[in-house]
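got a structure for you, letters missing:
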C-alpha cells in the first residue's frame, strides 16, 4: 500500500512558509541562528519531497527533484557546518517559489 503523499506536500508548504518568516526576521547570511533555522527547514522540506509519486514529479519537469533530494543529503550529513550561506540564499531565492507553486498545484489537483 502506498503512503499518502498529501501530508508531505503540506509539510513542504509549511517549511517554505517558515523560511519566509525567518527571512523577515533578518539576514540569514549574517545571523547564525536564522541561518541554522533555515537549514533545518530546508532539510525537512527536501526530505518531504522524496515522498512525491514519480508520476507527479514528471508533470513538473522544471523542478529539480533530484537536486532537492541531494540537498537534503548534504544538509543532513554536513557535520562540519561548512555549507556556503550564499548558496543557501540562492536556493531560497531561485527555487522556493517554483517548488511552492508546483506543490500547491499537485494538492489542488489531488483528491485530498
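Yep, that arrived. Computed from a prediction, not measured in an experiment: that's the story for all the values here.

number of nearby residues for residue 13?
Around residue 13 sit 16 other residues, with neighbours defined as other C-beta atoms under 10 Å. Heads up, the C-betas are built off the backbone N, CA and C, glycines and all.

For the remainder of this discussion, apply numbering that starts at 803.
Happy to do that; since the first residue is 803 now, the last one works out to residue 815.

which residues does it contact?
902, 905-906, 909 (C-beta atoms under 8 Å, 6 or more residues apart in numbering).

Let me know the pLDDT of it.
pLDDT for residue 815: 98.

With adjacent residues omitted, what lies nearest to residue 897?
residue 866 (7.2 Å; C-beta to C-beta, 6 or more residues apart in numbering).

For that neighbour, give me phi and psi.
phi -80, psi 70 (degrees, to the nearest 10).

Isn't residue 885 up against residue 879?
No. Distance between residue 885 and residue 879: 10.8 Å, which falls outside the contact criterion (C-beta atoms under 8 Å).

between the two, which one's more packed in?
residue 885 (15 against 7).

Using the three-state scheme, assign the more buried one.
Assigned by DSSP: H, G, I helix; E, B strand; the rest coil, the conformation of residue 885 is coil.

Might one say that the residue nearest to residue 897 is in contact with residue 900?
No. Residue 866 lies out of contact with residue 900 (C-beta under 8 Å); the separation is 9.1 Å.
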